[in-house]
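Q: what would the 3D arrangement of this be:
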Amino acid sequence: MDKNGKLFGKISIVDLIVIILILVVLAGTAWRFTSPGAALSQADAVVEYTIRIEGVRDFTLRHYHEGLRVYDRQAGQFIGRISGIRSGPHYEPHPLLDGTVAWKAVPGQITIYIDVVADGRITPTAVFVEGTYEIAAGSMRYINTKYVQTSGTIYSVDIR
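A: Purely as a prediction, here's the structure:
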């Protein structure tokens, strides 16, 4: 490095750092758009998954019906159509004096199971629906329909 801060008298250290950062950004962009989930324009399977919505009132259940389109609330992306709905009591744990736990139904609250069908793409590492929306059992989702916004957990994923 010379007295002007240039390496080999031609390029400054700041310029070298900027060039390295640009190369890192380009490499990251190339990796992102060539990863297995990036090129999912065509569906190769029908994916049916169930979303479990816990601790809601029966009022919420009345706003779901078969054929209703479901969207991810955060991304606004279409993620399938409702193909079935069922519900049951909502249970919560209650500790007992002997150290055990009893599951008791909570009055006024229910658990809803919404079956959603979507076009999907299966890769060795993930299941995608409607393009690039990754789903996995156990993951939390915030969903919208035309009538209601709720959050739920993906309870199960079935590939047809």
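
Q: can you give me the buried ones in stretch 111-129?
A: 111-121, 127-129 (16 or more other CB atoms under 10 Å). Placement of C-beta: from N, CA and C, glycine included.

Q: can you give me the strands in this protein?
A: 6-7, 11-12, 45-56, 69-72, 78-95, 101-122, 127-129, 133-135, 140-144, 149-159 (DSSP state E).

Q: just checking: what are the partner strands of the fifth one?
A: Based on DSSP bridges, the strands next to strand 78-95 in the sheet, each with its direction, are strand 69-72 (antiparallel), strand 101-122 (antiparallel).

Q: neighbours of the nearest residue in space to residue 66 that is not next to it in sequence, how many?
A: Spatial nearest neighbour of residue 66, excluding adjacent residues (CB to CB, 6 or more residues apart in numbering): residue 82 at 5.5 Å. Using other CB atoms under 10 Å, residue 82 has 18 neighbouring residues.

Q: hang on, the earlier thing: what's the most buried one of the strands of the chain?
A: strand 127-129 (a mean of 23; mean count of other CB atoms under 10 Å).

Q: counting by contacts, list what it packs against.
A: On a contact count with 3 or more CB pairs under 8 Å, 6 or more residues apart in numbering; DSSP states H and E, strand 127-129 meets strand 45-56, strand 101-122, strand 133-135.

Q: still on that earlier bit, right, and the strands paired with strand 78-95 - which one's nearest residue 12?
A: strand 69-72 (46.0 Å; CB to CB).

Q: make a markdown table out of the helices and strands packed on strand 127-129 and add mean pLDDT and distance to residue 23.
A: A markdown table is the format used below for these (pLDDT from 0 to 100; distance: least, CB to CB, whole Å):
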| stretch | mean pLDDT | distance to residue 23 |
| --- | --- | --- |
| strand 45-56 | 94 | 37 |
| strand 101-122 | 94 | 31 |
| strand 133-135 | 88 | 28 |
